[in-house]
Structures are given as C-alpha cells and as structure tokens.
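> predicted model and sequence below, questions to follow.
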Amino acid sequence: MSFTDRDVDYLDQVHAPVDAVLAEMLAAGRKEGIPIVSPASGRLLRVLVLALAPKRVLEIGTAIGFSTLWMASALPAGGRIDTIDPDRARTDRARRYWLRAGVTDRVRVTNEPALRVIPRLAPGIEFAFIDALKPEYTAYLEALLPKMAPGGVITVDNVLWSGRIAAGEHDEDTDALRAFDQRFLHEEQLEATIVPVGDGLGIGVVRPHA
C-alpha cells in the first residue's frame, strides 16, 4: 500500500505543533511562494541532526532560514551551521527569525554562490543539506564529496519534484533533478536512498575511504 494524502494529514496532526517562530516562517513561505522545506522534511532533518550530533553542518540554500532553524535547534554543544545563499535580503530576514529562536550563535551565513564557496571550505563536513538551484545539484554534490568526513551524511531536498520526474515531464529543473537522482543513488562514494517525505528527501552516507 502507498501513502495517501490522508496519511500525510494524519501525520501533520499527530506530531506536536511547530513552535511559534517556525509557524510564522512556514506561513510566510507559503504566502509569498518562498521555497522552503515541508514541515515533514524539517522534522526529519532535525531528527537526523539530533541523532548524528554533527559539529560541522553545511547548508546550500538558505532562503529565509526555515530548514536552517530545524537543524540548528538540534545541534550539539559547539555545533555550527554554515549556510550559503547569495540573496542577502532573504538571509537578513532569516537572521531576524534565528535571533527570535535563539540560534544565531550556531549559524554563519555566506552571501556568495555556493559553487564559489564550497571549494574554499576545509574538509571534515559531517552533515550537509542541499536545497538551492536545481540545475546545479550535481555540481554541488561533486564539490561536496571531497569536503565530507567519512561517515558524513548528505541530504537533498526536492528529489521527487512534486511527481514531475516520475511522470516523465521535461524542463530544465526536472531534467536536472532526474539526472541528479541517478548520480546520487549510484555514486560509488555514497550509500544513498531517497525517501518519499515532503518533496522527496535524498539521504546519502559517505563511505569510509578505502
């Protein structure tokens, strides 16, 4: 049996409500058409970060900081998220939300294109989350892999793309994501899967170096 919209509605209801800041961000994102993760994906990201307790987290694509807050709220003592987004207006808005949520000391923003930033980063990233320009997903992955710690986890949003990939639709974003899914799931350096949460969340564990 497959999940239905009724199952999704049930899960939304049975989980504890999101806190006030997350609820405000979710409402703003939906009203303004800002690309943010679903609450289901946010919950999964928070659980993964809590379980793995990474000290170094990299986020590619900040927007208004919704996914950042889900992850920052679960960081261990001394943990930090470096989040990359060239849109300073959105990240300034994100900072105001993070301040209210009490996580600003755990987040550092870089306002540049991600493909310019990632090569400068030191190796040893323990957890990464990709949610930015879809045609660049494969390039993000290629840039990230040499920067990840063995056993580190790469997570990726929008890998089902609201059913457009499976339906065989074609446009720049859909075709890029379809190619990315193939690369991600068959990348030799990863043990990877895709779970049908939110808009599809890819999860890949970096294999130890031989």
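Right, received. Where do you want to start?
> hey, let's count contacts and neighbours off CA atoms from now on
OK.
> partner residues bridging the most centrally placed residue in the chain?
Taking Cα atoms, centre = their mean, the centroid of the chain lies closest to Phe129, which sits 3.5 Å from it. Judged by DSSP bridges, the bridge partners of Phe129 are Glu59, Thr155.
> next: Gly202.
Under DSSP bridges, the beta-bridge partners of Gly202 are Val156, Ile194.
> distance check, it against Val8.
Plainly put, Gly202 is 19 Å away from Val8 if you go by Cα to Cα, to the nearest Å.
> check Leu121 too.
Distance from Leu121 to Val8, by Cα to Cα: 38 Å.
> I figured the residue nearest to the centre of the chain was touching Ile154, is that so?
Yes. At 6.0 Å, Phe129 and Ile154 qualify as touching, with contact defined as Cα atoms under 8 Å.
> where do the helices sit along the protein?
According to DSSP state H, the chain carries its helices in the segments 5-14, 20-32, 39-52, 66-72, 88-101, 114-117, 137-144, 172-186.
> output the ones you listed as TSV; include the columns mean neighbour count, distance to Gly163 and mean pLDDT.
Listed next are the helices of the chain as TSV, based on neighbours: other Cα atoms under 10 Å; distance: least, Cα to Cα, whole Å; pLDDT from 0 to 100:
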stretch	mean neighbour count	distance to Gly163	mean pLDDT
helix 5-14	11	14	87
helix 20-32	14	19	96
helix 39-52	18	16	97
helix 66-72	25	22	98
helix 88-101	16	28	97
helix 114-117	16	27	98
helix 137-144	18	18	98
helix 172-186	17	10	98
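> quick one: closest of these to Val197.
For the helices of the chain, proximity to Val197 was assessed by Cα to Cα; helix 39-52 is nearest, at 6.0 Å.
> residues in contact with the closest one?
Asp12, Ser67, Trp70, Met71, Ser73, Ala74, Leu75, Pro76, Phe127, Val197, Gly198, Leu201 (Cα atoms under 8 Å, 6 or more residues apart in numbering).
> cool, stretch 162-169 as well?
With Cα under 8 Å, 6+ apart, stretch 162-169 has contacts from Leu160, Thr174, Asp175, Leu177, Arg178, Asp199.
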